[in-house]
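> Pasting the sequence and the predicted model now:
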Amino acid sequence: MLKYCLIGKKLGHSFSNKIHNFVFKELGIVASYELVEVDDLTSFIKEAKTKYQGFNVTIPYKEEILPYLDYISDEAKVLKNVNTVKVINNKLYGYNTDSYGFRGMLNQYNIDYNNKECYILGSGGAAKTCYYSLLDKAKAVYLVSRNKKSETIISYDDLNKRNIDLLVNATPVGMYPNILDCPVNEEVLNNTKEVVDLIYNPRQTSFLKKKNSYNNGLTMLILQAIKADEIWLDCKIDQSLITKVGDLFE
């Protein structure tokens with residue numbers, strides 16, 4: 001049996017095992033996918049080289065994983081973080097499928113960021129992926145951190161003074177079980193046209209609710225997961241199966 005997993009911390013909210021195990025079953029692949037909470041990345045890496053054929057990476061290891069990899073894809077090098085690893089002959093090959101998922105999600109939500117001013121809450125791996133994914137068409141893209149660090153990494157206080165075309169929450173604020181938390185105040189949201197939250201549990205975070213939006217991260221999760229499966233299994237997955245995965249959450 002082929003074995004895959006997701007590594008990170010506090011994974012109780014994750015839907016990844018549901019998605020991947022469904023895909024394997026639909027494709028007739030004898031494989032399993034599990035959630036593995038990791039405290040010691042070095043120890044996991046030693047085990048993974050012989051135990052798994054691949055694994056996904058989430059908070060807080062998307063950047064920390066980089067020194068352990070034998071190969072990093074060109075896109076992952078630009079993004080400076082990896083969310084998908086393929087194991088071949090005890091060597092680790094790193095990829096980033098989040099960018100593919102993020103752009104696909106914006107397309108599905110009919111969000112046009114062409115020549116728009118876009119702001120991403122957070123400064124971790126997920127936020128940086130969103131940042132680089134928007135650079136090709138956006139008028140300007142900013143990361144929002146606790147402290148202003150540069151012209152493109154501004155503080156939350158600076159955000160209060162901006163008119164925002166697109167605001168993306170790439171922080172865990174509002175994630176289950178802390179579903180009443182919101183990463184920004186109402187003044188910021190009142191000055192914002194479009195919002196997207198990478199969180200998918202709950203489906204409508206407090207952040208989204210205040211803008212009467214359902215632009216959550218479930219679509220991104222599904223699309224990046226499908227792309228990871230394509231990398232692991234060396235195949236192209238049909239759109240009809242992607243639709244079936246989406247139906248699991250209706």
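In hand now; what should we look at? Numbers count the residues shown, from 1 in each chain.
> Skipping its backbone neighbours, what lies nearest the spatially most central residue of the chain in space?
With distances taken as CA atoms, centre = their mean, D98 lies nearest the centre of the chain, 4.9 Å away. Once flanking residues are discounted, D98 sits nearest to T129: 4.5 Å by CB to CB, 6 or more residues apart in numbering. No exception for glycine: its C-beta is placed from N, CA and C like everyone else's.
> now the strands: where do they sit in the chain?
2-8, 31-37, 54-57, 71-72, 84-88, 91-95, 117-121, 140-145, 153-155, 164-169, 192-197 (DSSP state E).
> Tell me how far K25 lies from I72.
The gap separating K25 from I72 is 31 Å, by CB to CB, to the nearest Å.
> same question but for Y4, I mixed them up
Taking CB to CB, one finds Y4 at 19 Å from I72.
> same deal with L134?
22 Å.
> The two: which is more packed in?
Set L134 next to I72 and count neighbours by other CB atoms under 10 Å: L134 wins out with 24 against 21.
> for the protein, longest helix please?
The longest helix of the chain (DSSP state H) is helix 218-233.
> where along this protein do the helices fall?
16-27, 41-51, 74-79, 98-108, 125-134, 156-159, 186-190, 206-209, 218-233, 239-247.
> The closest residue to L11 other than its chain neighbours: what's it in contact with?
Closest residue to L11 apart from its sequence neighbours, by CB to CB, 6+ apart: L35 at 4.4 Å. Neighbouring residues of L35 by CB atoms under 8 Å, 6 or more residues apart in numbering: 5-6, 11, 14, 16-17.
> so can I have CSV of these showing distance to S123, neighbour count and pLDDT?
Putting the contacts of L35 into CSV (distance: CB to CB, whole Å; neighbours: other CB atoms under 10 Å; pLDDT from 0 to 100) gives the following:
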residue, distance to S123, neighbour count, pLDDT
C5, 27, 23, 97
L6, 22, 22, 97
L11, 22, 18, 89
S14, 22, 17, 86
S16, 23, 22, 94
N17, 28, 16, 94
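> Find the pair from the residues you listed with maximum spatial separation.
C5 and S14 (10.8 Å; CB to CB).
> Report how many residues lie close to K77.
With other CB under 10 Å as criterion, K77 counts 13.
> swap in the one 5 residues further on?
For V82, the tally of surrounding residues (other CB under 10 Å) stands at 29.
> how far away is it from L248?
V82 is 26 Å from L248, by CB to CB.
> Please apply the same query to Y71.
Distance from Y71 to L248, by CB to CB: 32 Å.
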